[in-house]
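1. this one's structure only:
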C-alpha cells in the first residue's frame, strides 16, 4: 500500500517534469535518489541511531509531512511510513533508542512519533514555529529540546504538557545541535549560545559570533576522545566558522573558511555567494560536509584545513544533509530553498508558481559500502577520509541513474 | 622602559622589542620572522605558519618532501614540530634554555644593581654574543624575556596584561632579595594570584612576597608547563600540585570533566579566576571543555572574524591570527574584506542594531539571499501557501504590538483538507507568550494524552471577518512575521 500518494518510482514521475533528461543537472553525481520524495521542499533529514539495525531516514518537508524510508545497504530505499503536521516540518530527530521520532513544525508544535505503533502525539507547544528539535539523553534525565522563533528554548518530558524548563533566547532560534553534554543554539541577529546539559540544561556561555552574517546551521564536532569540543557554524554568506569551546590558542585554532561560492575571485563577474544550508560531521572520520544553496555539497577536513571534495552542481539548492550512524551513507536533500526569490509583496502568486517550475524535490543518497573506494578531488590529502563514492559506476546497486533513465 | 625579548626556536635569533606602557604584541614580530625565514616555501615563496604546514604545502602543491626547517640551526631543524611564535617548543629545549638562563641571570644580577636600561643593553649584547645554541636574554625579572620556550611574554598571555605593568617597578627591589637561583622571577607573575610553588626548595626564596608568590619559574626543576602558550610559567597554575604532574605530559589524557562542576554552571561568572587561568593554561589535550567560569571566556580570545582578527579587542590577542594557507581557503585580504564588508550592513566588530535588510550586492560579490534579514524559512513560512493550515491565535511577532484583529482569530478554514483522524491544533486563544495548556493530541480516535478532548476546540472568535486571501500579504507585511 502506498503511503505517499505516488505509486510509481520517482523515475517516471520525475523526468516528466524536465524537458530533456540528458542535460538536466538533477542528479549529476549519479547518486541514488530516494523513491517517493515529498512534494515540497525538504527541510530536514535525520538518520536512525546505531541502536536500530539498518538505516532509516526521516525527512520533514514543507508539505507538512514527515516521511520515513528504510535505506538498504545496496542503496535501495523503501518508503515505510508517514506522519503529518498542520504546518511545514522544520526539524526532525530520533530518540537514542531509535523507537521514536520527534518532529518540529511551523504549526508551533512538536510531536513524538512512535514508529512501532505509527502514532504521533503532540509533546510540545510554542508561540511560534518550532525550528529545532533535539533529543537529550543524560544519565539522570532525558528530554526533548525545542527551539522556536518565539525566542525560547524549551525542554520537554514527553509525558507532560508543561515544559521541564524554559530558557530565554536573545532572538529567534535559527539552528541548534546537541551532543551531550553540550548544546549550541544559534539565533537571529547572530546570536550564539552554548549550553551545558549536565544535571540540567543551563546556559554556559554566550559567544560573539565568528561570522558576520546571519546564522544558518550549526553542528557540533567531537575531539579524539569522542567528547564534544566545538562546533561548526554556517551562515548565509557562504562561510563556515570552526569554533572550539576551549582551545589552547583560540586565535589560531578557530578559523573560518569560505564555501559555496561561484566564479572565483579573479573573474570580472561578481562572485555569487550562497548560503550554507546544512553542516554534518562524519561520525567516524570527523570530516564535515556542507551543503549550500548553490546546489553543491562539499566535504572538508577541519584539522588539516583542506577541502576534500566538492560535488557537481545540482540544479537546485541543497537544503539539508545527514550522515548515517556509521558514516557510510550521506543523504542530502535537493530542493528549492527560496534563496533566489525576491518576493515583491503583491506578486506572491508568481513566486509560488516559480517554485513548482523549478522542479521536484528529491533526496539523494551517496553510499559507499567499501570505505576505501573514495574519490578525492583537487588538493585533498590522500588520507582516505572521505567515505563517499561519487562516481556512479562505483556503486553496485541497480538504482543508480544513468542518462536519466529510471533505475531498477 | 619595559622590554620583551623573544627567541626564535629555529635560529636562536633574538628579537628585542621595547614597549612602553602599552599592550604590545611582540610575538607578532617573531612570527613574521619565522614565516619569512623558516616557514617559507623555497619553490613558490609562499609563507606558511608552521613547520608541518610548510611540509604539507610542499607535498601537496609541489609534490616535494621537506625534511628540515629552512635556515634553522643544527639541532633545531625538526620539521615535525608544530611551533608557532613562542609556542610549541619541546620540553627538553625549554629545560636547556632555562639552565642557561640561570647562569646568565646570575651574572647580570650583579650588574643589574646599577640599574638602567643601558645595563639591559649591555647585558643583552653580551649575552647574545656569548650564547651558542641557546641565546637567552636575561631580562631581569621577566620570565618571558628570558625567552623561555613555553613561556610566552607575560603581557601577551591572556588575562595577564593588566597585571604586568604595575609590577615592573617592583622588580628591582625584588631582585636583590632573591638568591641567584631566582632568575627571571617575573614581576608579571605577581598579579597572577595564587601562584603555586613549583616544588620543594622554593618557599625559602619567597620571603616577603605575597603568599603564594610566583616561585622561580625558570628553575629547571620545575616541570615545564608543556608547550602551552598561554602558560606564562608553571607557577601560574594555581592548582593543586597534582595537575602539575600531569601537565608536563605532552598528551595527557583528558582528565578534566567537560563541565567541572555542573552546579556552578548556572552562574556564568564565578569568582574563581584561578580556575579560569587554570583552564587557560592547560595544554591543549588536557583541557576541559567547559571550565567553570566566564573568566575563561574573557581570557579566551574572542571569536575571530573573517580575517582572523579577534572581533573583540582583547588585549592579549592582537596576534595576527594565521590566515588559512591551504588552497581550499581563498584568503586574500582584499577579497575577503570587500565581500564581507560590502555584503553586511553591520560593522564587523560589534553587534549593533542592524537594519532590517542586508546589503546583498557589491561590486565584487553578490549574496544569493533575499534582502530581508530573516531566515529563509521564516520568509517562506510567511507565504500564504504555508499559512493555510496553521492555527492563528495571533499574528503579531513577539515584541511587537499585536497586529490585532487582522486574522486574529482564524477559525479553521473549512477548506483545509483534514488528515485522517487528525485535527488542526486549536489551542485556546493564544495569549502571546503564554504557554498553551491545551495540547490536543493527535491519536486518531483516542483521547489525547493530556486529557483535552475535542471540546477543547476554542469557539470561533467570530470577530472581524477574515480578510480574503489576496489581501493578506499586505497585512502580513505590516505585521512582520508572526
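-> Looks like it arrived, so ask away. Predicted, not measured: the structure shown is a model, and the values here were computed from it.
2. State the pLDDT value of residue B:371.
-> Per-residue confidence for residue B:371 comes out at a pLDDT of 78.
3. Tell me how many other residues surround it.
-> Residue crowding around residue B:371 was assessed by other Cβ atoms under 10 Å in any protein chain shown; the count is 13. Every residue, glycine included, has its C-beta placed from N, CA and C.
4. can you pull out the helices in the stretch 251-400 of chain A?
-> A:348-357 (DSSP state H, counting those that start in this stretch).
5. Distance of whichever residue of it sits closest to chain B relative to residue A:206?
-> Ranking the residues of the stretch 251-400 of chain A by distance to chain B (Cβ to the nearest Cβ) places residue A:307 first, at 3.4 Å. Distance check for residue A:307 against residue A:206: by Cβ to Cβ, to the nearest Å, it reads 31 Å.
6. okay, these two: which has more neighbours?
-> In terms of neighbours (other Cβ under 10 Å), residue A:307 is the more surrounded of residue A:307 and residue A:206; the figures are 22 against 14.
7. Double-check residue A:319 against residue A:278; I have them as touching.
-> Yes. The pair residue A:319 and residue A:278 qualifies as a contact (Cβ atoms under 8 Å) at a distance of 7.1 Å.
8. These two - which one has more neighbours?
-> residue A:319 (30 against 26).
9. check contacts around the more buried one.
-> Residues touching residue A:319, when contacts are defined by Cβ atoms under 8 Å, 6 or more residues apart in numbering or on different chains, comprise A:41-43, A:277-278, A:291, A:333-337.
10. Show me which pair in those is furthest apart.
-> The span of those, defined through Cβ to Cβ, is set by A:278 and A:336 at 14.7 Å.
11. do stretch A:75-93 and chain B meet at all?
-> Yes. Using Cβ under 8 Å from any Cβ of the partner chain, we find that stretch A:75-93 touches chain B at A:84, A:86-88, A:90.
12. Just send the residues you listed back as CSV, with secondary structure too.
-> Rendered in CSV, the data for these read as follows (DSSP: H, G, I helix; E, B strand; the rest coil):
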residue, secondary structure
A:84, strand
A:86, coil
A:87, coil
A:88, coil
A:90, strand
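13. is it possible to export the residues you listed to a markdown table including pLDDT?
-> As requested, these are arranged in a markdown table below (pLDDT from 0 to 100):
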| residue | pLDDT |
| --- | --- |
| A:84 | 91 |
| A:86 | 91 |
| A:87 | 90 |
| A:88 | 92 |
| A:90 | 94 |
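14. can you map out the helices along the stretch 1-150 of chain B?
-> Per DSSP H, counting those that start in this stretch, the stretch 1-150 of chain B carries helices over the ranges B:27-37, B:51-57, B:91-112, B:117-130.
15. Quick check: residues of the stretch 1-150 of chain A near chain B?
-> For the stretch 1-150 of chain A, the residues in contact with chain B under the definition Cβ under 8 Å from any Cβ are A:43, A:62, A:64, A:84, A:86-88, A:90, A:106-109, A:111, A:119-123, A:125, A:127-129, A:131, A:149-150.
16. Now restrict these to buried residues only.
-> Neighbour-count burial (16 or more other Cβ atoms under 10 Å in any protein chain shown) is assigned, among the residues of the stretch 1-150 of chain A next to chain B, to A:43, A:62, A:64, A:84, A:86-88, A:90, A:106-109, A:111, A:119-123, A:125, A:127-129, A:131, A:149-150.
17. Residue A:288: what's it in contact with?
-> Each residue near residue A:288 by Cβ under 8 Å, 6+ apart is listed here: A:219, A:221, A:232, A:240, A:279-282, A:299-300, A:302.
18. Low-confidence ranges, the chain, go.
-> With no chain named, the answer covers chain A. Counting by pLDDT under 70, the low-confidence segments of chain A come to A:1-30, A:263-268, A:337-408.
19. I was thinking of chain B, sorry if that wasn't clear
-> Residue ranges of chain B with pLDDT under 70: B:1-7, B:12-26, B:101, B:104, B:108-361, B:363, B:389-482.
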